[in-house]
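>>> return a 3D structure for these sequence lines:
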Amino acid sequence: MSEECCPGDFASCVRREFPALDRKVYLDSACIGVAPVRAVRAVTDLVQGMQYCTAESGTEMHGRLNELRASARPLAARLIGAEASDIALVESATHGLKIALESLPLHAGDEVLLPDLEFIQLGVMCRQLEDRGITVRTVPHDPSGRIGVDAVRAELTPAVKVLALSSVQWTNGFRADLADLSELCRGRGVWLLVDAAQHVGALPFDVRRTPVDLLVCGGHKWLCSPFGTGFLYLAPAARPRLRRPLAGFFAARPPARTWGEAFLRPDLTPLRAYEFTDDAHAWETGGTGNYPGAVGLSAALSLFLELRPQRVEAHLRTLTDYLIEGLDRLGFTVVSPREARHRSGIVTFGTGRAAGDLHLLRALLTAGIAVGVRYTSGVGGVRVSCHLYNTLRDVDALLEAAEDWRRGPRRTTAPRARTRQLPRAAAQIVRQRALIDALDDDLMGIVTARGGVSRGIRRSRTEGALSRTDLAREREVVERFHDRLGQDGTRLALELLRMCKGDT
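Take a look at the predicted model:
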């Protein structure tokens, strides 16, 4: 979007950016977020530029793509209180964790510590260190599903070199005492690696107030980036002690102003002395990147910076307070912490039985309410993740559906099969209409973009002293639409030509 959101206009800005959610109850952002309009448009503009070869050459296009990708670094840095030089772009949280763990100067006999509530991907990454003679141990959670600082302290033997943990746990939304853990690690000389995938975007995070050595965040959850991407923060004091991963030439300094210019030099050879920057950029893969993902991430980050993390957190607190109060009233067991300092955007609750949780999940999905069920080490239940685009109306819909499930099937004269089919059909229609709305938004965006290109062509024709209209070209457009869509295509093409001519 060209216009920025006014911080005081939070609700209307969110409605503009997430129009499809007016008709859908989506409470599953801990799994995957919903892309804002600006992110979708950014990706669409980029791929359309590739489709129509808008650059003068492939070399120019590649340079432009690298510049667009790089624009995500300063935005990610601003969001967590860092510098752009501290940020490396990664393809996912998994990719970032792999780079982070391989960069740590670990040796046989060293130990890595992680909570037993961790997301499975962190466990998978850490277990692969065992091939190097490194031991991985877990910190057990307490009966309330928390990982306390004292519990971590009790496990910090001299062999422990790394504490790796999520700042917000994925099953119950527990937010760690990260400031105290940071102080504990600094005092013991232990590396602190944080997975912030369930934190950044929902809650403020400032590395100046809470120092960490390495932080990984995927973009597709609470940051609402539409493609697989994310970022890796490497603290300035940590980088000189980290191992450099294998990287391609885009992570090295070019022997000219740009790599495009370097390719023009006859003396360029593959086996040369390559100099890498001291910035976190050097920890990137250094090859052709996920450019659509990066521009989508940049656009999504711009939205969160405009709305401000503190405003998003306050909105989530209102929703989760209301949700917990409603769950208490209905008699469900709230698994998530209630203390403000341990709360997040995730509220997990249970029925008292794992089978009951799954049965309730199916009922909620049938009612058109998107939630999930997650467990780790015996902790979990029905996971609800409220985000900036959710409202109290969404929470009411969830509570009403949960109450209906708790009451059990109601007596009715209608056939039982029909009773089951009606909610499912209604929910399906809601989802289909939301998709139609999203497609309509795409169509309007494409028509607007087409008009801009058409006006550019007319300006070029005017500057070249050519006629304002190319009738042969217009006939070609009409015939192409007619061949695909028949007579309706003809009418659509004529209307597009009329709408997109514009003034010069």
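>>> for stretch 302-317, buried residues please.
Ser302, Leu303, Phe304, Glu306, Leu307, Pro309, Arg311, Val312, Glu313, His315, Leu316, Arg317 (16 or more other C-beta atoms under 10 Å). Glycine gets a C-beta too; all of them are placed from N, C-alpha and C.
>>> out of the residues you listed, which are inside helices?
If you go by DSSP state H, the buried residues of stretch 302-317 have Ser302, Leu303, Phe304, Glu306, Leu307, Pro309, Arg311, Val312, Glu313, His315, Leu316, Arg317 in helices.
>>> let me have those in TSV, extended by distance to Val371 and pLDDT.
Converted to TSV, those look like this (distance: C-beta to C-beta, whole Å; pLDDT from 0 to 100):
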residue	distance to Val371	pLDDT
Ser302	28	97
Leu303	24	97
Phe304	23	97
Glu306	28	95
Leu307	24	95
Pro309	24	96
Arg311	24	96
Val312	20	97
Glu313	21	97
His315	19	96
Leu316	16	97
Arg317	19	97
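>>> now for these: which two are most distant?
Ser302 and Arg317 (23.5 Å; C-beta to C-beta).
>>> ok, the closest residue to Asp206 other than its chain neighbours - contacts?
Using C-beta to C-beta, 6 or more residues apart in numbering and skipping residues adjacent in sequence, the residue nearest Asp206 is Gly81, 3.9 Å away. Going by C-beta atoms under 8 Å, 6 or more residues apart in numbering, Gly81 touches Phe205, Asp206, Val207, Arg208, Arg209.
>>> contact partners for the last one?
Going by C-beta under 8 Å, 6+ apart, Arg209 touches Gly81, Ala179.
>>> tell me the spacing between it and Glu183.
Arg209 sits 12 Å away from Glu183, taking C-beta to C-beta, to the nearest Å as the criterion.
>>> what do you get for the fourth one?
As for Arg208, its distance to Glu183 is 14 Å (criterion: C-beta to C-beta).
>>> and these two? Which one has more around it.
Each of Arg208 and Glu183 has its neighbours counted (other C-beta atoms under 10 Å); Glu183 has more, 15 against 8.
>>> tell me, what's the model's pLDDT at the more buried one?
Model confidence at Glu183, given as pLDDT, is 97.
>>> give me phi/psi at it?
Dihedral pair for Glu183: phi -60, psi -40, per degrees, to the nearest 10.
>>> which residue ranges make up each domain of this structure?
40-255+270-306, 416-500 (automatic domain parsing).
>>> pick the one among the ones in helices among the buried residues of stretch 302-317 closest to Leu365.
Taking C-beta to C-beta as the measure, Leu365 sits nearest to Leu316 out of those, at 22.5 Å.
>>> what's near enough to touch the closest one?
Ala202, Leu203, Ser344, Gly345, Cys386, His387, Leu388.
>>> ok, Ala76 - contacts?
So Ala76 contacts Ala82, Ile87, Leu89, Cys217, Phe231, Tyr233, Leu297, Leu301 (C-beta under 8 Å, 6+ apart).
>>> now the stretch 101-250 of the chain, which segments are flagged as low pLDDT?
Along the stretch 101-250 of the chain, no part satisfies pLDDT under 70.
>>> what about the helices in it?
Listed in chain order, the helices of the stretch 101-250 of the chain (DSSP state H, counting those that start in this stretch) span 120-127, 149-155, 178-188.
>>> compare those and give me the one nearest Asp437.
Distance to Asp437, taken as C-beta to C-beta, is lowest for helix 120-127 among the helices of the stretch 101-250 of the chain, at 33.3 Å.
>>> on that earlier part again, got JSON lines for the domains of the chain, with distance to Gly326 too?
Formatted as JSON lines, those follow (distance: least, C-beta to C-beta, whole Å):
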{"stretch": "domain 40-255+270-306", "distance to Gly326": "16"}
{"stretch": "domain 416-500", "distance to Gly326": "20"}
